[in-house]
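> build me a model from this:
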Amino acid sequence: MKLLKRLENAWEFWFLFITSIFFFLLRFPSLFEPYWYGDEGIYQVLGMGIRQGKLLYRDIFDNKPPLLYVFYSFFNGDQFLTRLLSLFFGVAAVIAFYYLSKALFKNKKIPLLTTGAFAILFGLPIVEGNIANAENFMLFPIILGGLFLVSQKHFKYKYFLAGLLVGIAFLFKIVAVFDFVAFFLFIIFAKPDLNFNKLRNKGLDAFNFVAGFIIPILLTTVIFISQGAFNDFIKAIFFSNIGYVAYGNKFLIPQGLLILKLVVLSIFIFLVFKKREKLTIPGVFIFLWFAFSLYNAFFSQRPYTHYILVLLPSICLLLGFIFDNSHFRKFSIVIFLVSTVLITQSFWLFTKTKYYYQNFFSFLINPDKVVTYQKFFDGKTPRDYKLAAYIKDHSKKDDTVFIWGNNAQLYKLTNKLPPEKYAVAYHITNYKDGIPLTKKALTKNPPKLIIVMPNVSPYPFTIANYNLKMVIEKVLIYERIF
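Alright, predicted model coming up:
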């Protein structure tokens, strides 16, 4: 028996080792991508700002919780190092996902299928696994939290640690609240026997889970209160997202589509509750998590690719459930297929995966063809590098520049910060304090160079005391006269 156990453990080790190496190789080209992705550009600017002592949300702004920007600040916004960290988080997520699958499915082959599917989908750029977005970091703590909940091993702080991990994920992006609700309901639904003792135990488990979730959020809130930036913190991560969500969910009334989706979700959750005995614990966990993950992906009703990342773990588990549970197989297949169609029709998928890797290998063979390599990601990327070279040649280290555009990565390429808290034009125009704050900063400390990008709203500030010095691919570069 000991020999069989040892062989099983060795086989498991080699499966995880090979899968992790495979995942690493899928992600490896992402480490060498140019600075091109707009959201990453904002994160990079915030990382530099925090590193230089600016207070998040008050002095430098974006609308996500702080942990993503703190990670970027560790590396001063360096893309290679941040993506390398994201890659290691991805490997950890793959390993944790395997053990989660193993805890849910008795058939030892199913975790191999689900983990392989998860590693491929998360490793390929098809859903932007290559980008160091918040979703890429939050999956690992969420999966690990789920593993604690379904594990047969009982230890004192099991539910508290699960909640703590989901709370940490929330500090990357607030949509982790949907995972929190799914896991909370699982604690309530998991055991059909509802006698007094079981209810008391469920209540205690749920309390520990909620306490674990709240603690990191409370600690973060206390930090911003102590810095006198509580209002900026709350406005950024909560109130600024209300309009964002409302924009795509208007249906008859504001948020009408969101309400409709919530009704559908509630009906589905009610069905899971009614069928919880036949579904068994794995089925309850998978369907609850999948339902809330699907709602999460469609929450803002925007087609952005990386929103699908939150759905990967649960949809891969649903795939495993199809093979594991014959009683609900037809129902599971219908849910899986309908969801897949909805996802592929509603979101932008990266369909050039084959050419992504071809582009990387071509660059390795012909490193002189940098422009061709950069253009693959975005046709405007080579222009940003030209602009960065010009700015570096025509400004000193302490000179400031102002970029009127949505390519914040240009600040990182020149190692400069924006003159005020907003790094991109759409933030300046979308927030009511954007124009007056930026105008005040430009007047108080006129930048050496003003870069006006094409294809954005007209430049709203004065350019008196500036000369047009250069035009690079329709980008206007103004230099201060004195």
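
> low-confidence ranges in this structure?
1-9, 191-199, 246, 251-252 (pLDDT under 70).

> quick check: next helix or strand after the lengthiest helix in it?
Longest helix in the chain, counting residues (DSSP state H): helix 196-226. Remark: after helix 196-226, the chain's next helix or strand is helix 230-234, criterion DSSP states H and E.

> tell me the buried residues in that next one?
Buried residues in helix 230-234, counted by 16 or more other C-beta atoms under 10 Å: F230, D232, F233. In this view, the C-beta of every residue, glycine as well, is placed from N, C-alpha and C.

> could you dump it to CSV, C-alpha only?
Output of helix 230-234 as CSV, limited to C-alpha atoms (Å, rounded to 0.1, in the frame of the first residue of the first chain):
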residue,chain,number,x,y,z
PHE,A,230,-10.8,57.6,2.9
ASN,A,231,-13.2,59.6,0.6
ASP,A,232,-10.8,59.2,-2.4
PHE,A,233,-10.5,55.5,-1.7
ILE,A,234,-14.3,54.9,-1.5
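
> now do it: everything it contacts.
The contact list for helix 230-234 (C-beta atoms under 8 Å, 6 or more residues apart in numbering) reads L56, Y57, R58, P66, T221, F224.

> and what of stretch 317-326?
With contact meaning C-beta under 8 Å, 6+ apart, stretch 317-326 is reached by 100-101, 104-107, 110-111, 113-114, 117, 279-280, 282-283, 286-287, 289-290, 328-329, 332-333, 335-336.

> what's the first-to-last distance across stretch 51-69?
End-to-end distance for stretch 51-69, by C-alpha to C-alpha, to the nearest Å: 10 Å.

> and which of the buried residues of helix 230-234 is nearest E473?
D232 (36.4 Å; C-beta to C-beta).

> now do the helices in the stretch 51-200 of the chain.
Applying DSSP state H, counting those that start in this stretch to the stretch 51-200 of the chain gives helices spanning 67-74, 79-104, 110-123, 134-150, 158-170, 176-189, 196-226.

> between the ones you listed, which gets nearest to I267?
When these are compared by C-beta to C-beta, helix 176-189 sits nearest I267, at 14.1 Å.

> can you pull the domain assignment for the protein?
The chain breaks down by automatic domain parsing into domains covering 2-32+63-346, 380-480.

> possible to save these as TSV with distance to G41?
Rendered in TSV, the data for the domains of the chain read as follows (distance: least, C-beta to C-beta, whole Å):
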stretch	distance to G41
domain 2-32+63-346	9
domain 380-480	3
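
> quick one: which of those domains is nearest I50?
Shortest distance between I50 and the domains of the chain, using C-beta to C-beta, is found for domain 2-32+63-346: 3.8 Å.

> from the chain's centre, how far out does that closest one sit?
In terms of C-alpha atoms, centre = their mean, to the nearest Å, the centre of domain 2-32+63-346 is found 11 Å from the chain centre.

> what's the answer for stretch 375-390, then?
Here stretch 375-390 is found 25 Å from its chain centre; the criterion is C-alpha atoms, centre = their mean.

> re earlier: right, and the domains of the chain - which one's nearest G38?
Counting by C-beta to C-beta, G38 lies closest to domain 380-480 out of those; the figure is 5.9 Å.

> end-to-end on that closest one?
For domain 380-480, the end-to-end distance is 26 Å (C-alpha to C-alpha).

> of the domains of the chain, which is nearest L364?
The closest approach between L364 and any of these, judged by C-beta to C-beta, belongs to domain 2-32+63-346 at 8.8 Å.

> quick one, which of the helices of the stretch 51-200 of the chain is nearest to W11?
Closest to W11 of these is helix 110-123 (C-beta to C-beta; 10.3 Å).

> show me what that closest one is packed up against.
Here helix 110-123 touches helix 2-27, helix 79-104, helix 312-324, going by 3 or more C-beta pairs under 8 Å, 6 or more residues apart in numbering; DSSP states H and E.

> looking at these, which is buried most?
Comparing the helices and strands packed on helix 110-123 by mean neighbour count (mean count of other C-beta atoms under 10 Å), helix 312-324 ranks first with a mean of 23.

> tell me which helix or strand comes right after that one.
helix 329-346.

> identify all contacting residues around the helix or strand following that following helix.
As assigned by DSSP H and E, the chain's next helix or strand after helix 329-346 is helix 353-365. The contact list for helix 353-365 (C-beta under 8 Å, 6+ apart) reads P29, F32, L124, P125, I126, F350, K369, V370, T372, Y373, F376.

> drop anything exposed from those residues.
P29, L124, P125, I126, Y373, F376.

> from T82, how far off is the closest residue to the last one other than its chain neighbours?
In this case it means F376. Take F376 and drop its neighbours on the chain: the residue closest to it by C-beta to C-beta, 6 or more residues apart in numbering is N359, 4.4 Å away. As judged by C-beta to C-beta, to the nearest Å, N359 and T82 stand 21 Å apart.
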